[in-house]
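In: Structure for this input, please:
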Amino acid sequence: MKICDAHVHLGKSGPWQPYINPTVYVDELIRLFDEYNVERAIVFPNPNVSDKYPEMNDYIAESVKKYPRRFVGFGRVDPRRDDAAKELTRIRNKLGLTGLKLHPFVECFRPDHPFFAKFFKRINELSLPILFHSGDGFSSPGLILKIAKKYPKLPIILAHLRESAVSALKECENVYVETSGTLPDFIELSADIDENRILFGSDVPYYRYPAQIAVVEASEVSQKVKRKIFYENFQIMFTRNK
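Out: Model prediction:
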């Protein structure tokens, strides 16, 4: 089955993982895609110190230009920085990237804090879909849901589908979920809500394709729904938001 992947890291990583180096460069990633039949993927920078994100966004843009049929480029920004809104504008208007990856835990910010209101307003003005790391604490889907409700036309993808992300999917129609690190049960629950808002995600290179593919295959949903998750939903979303 052909695959589109909604969650792939690309480029040099900052020193935040003590046991692995998740740095991965473009040609190595293309070889991995070819091995696992990945046709297209959202790619964005690895976590890095805040002043390195512009440099990494440049690398994403260069990679998209090199492989425009394989990559959908998302940028990264540290929302706490004074130049965050300026970098958002550069991501969209100069680099031509499609969306934004935010990790409230790594970047240490609470999405619904009033300090970041102008930041999210600018994201909405630029029509930049957001892929949020979701989990606990600042990354809670309940906090991210406040942004989704404030900007109902802005697509928001919750990474790492878990029970709280299922609830957010049910509550807000501009919320999507992706499957990296999930369990078959949560895929089944999400499909009962809306099979058209589930995207396959691998979180490569932190996770591995065989395991992440196997979880989707193990879910008790139809082959039609699996095709949507692995491929069709992504293609529809990123043709519309191209």
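
In: which parts of the helix or strand of the chain with the lowest mean pLDDT are buried?
Out: Every helix and strand of the chain was ranked by mean pLDDT, DSSP states H and E. The lowest is helix 233-240, at a mean of 89. Across helix 233-240, burial judged by 16 or more other C-beta atoms under 10 Å covers 233, 234, 237, 238. (Each C-beta comes from the backbone N, C-alpha and C, glycine too.)

In: Hmm, the first one is touching residue 201, no?
Out: Spelled out, it's residue 233. No - using C-beta atoms under 8 Å, residue 233 is not in contact with residue 201, being 11.4 Å away.

In: do you know how far the closest residue to residue 84 other than its chain neighbours is from residue 13?
Out: Ranked by C-beta to C-beta, 6 or more residues apart in numbering and with sequence neighbours excluded, the top spatial neighbour of residue 84 is residue 77, at 5.2 Å. Going from residue 77 to residue 13 by C-beta to C-beta, to the nearest Å gives 17 Å.

In: of these two, who's got more company?
Out: residue 77 (26 against 20; other C-beta atoms under 10 Å).

In: Now for the more buried one: which residues touch it?
Out: With contact taken as C-beta atoms under 8 Å, 6 or more residues apart in numbering, residue 77 is in contact with 53, 84, 87, 88, 91, 100, 102.

In: could you dump these to TSV with distance to residue 26?
Out: TSV is the format used below for the contacts of residue 77 (distance: C-beta to C-beta, whole Å):
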residue	distance to residue 26
53	18
84	26
87	22
88	24
91	18
100	20
102	23
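
In: pLDDT at residue 38, what is it?
Out: pLDDT, the model's per-residue confidence, is 98 for residue 38.

In: What's the local residue count around the residue nearest to it when sequence neighbours are not counted?
Out: Distances taken as C-beta to C-beta, 6+ apart put residue 3 closest to residue 38, at 4.7 Å, once the chain neighbours are dropped. Residue 3 has 21 neighbours, counted by other C-beta under 10 Å.

In: Residue 123 contacts residue 91, doesn't it?
Out: No - using C-beta under 8 Å, residue 123 is not in contact with residue 91, being 9.8 Å away.

In: Could you tell me which residues touch both of the two?
Out: With C-beta under 8 Å, 6+ apart, residue 123 and residue 91 have common neighbours residue 100.

In: Tell me which stretches of this protein form helices.
Out: 26-35, 53-66, 84-89, 117-126, 141-150, 163-171, 184-194, 209-218, 223-227, 233-240 (DSSP state H).
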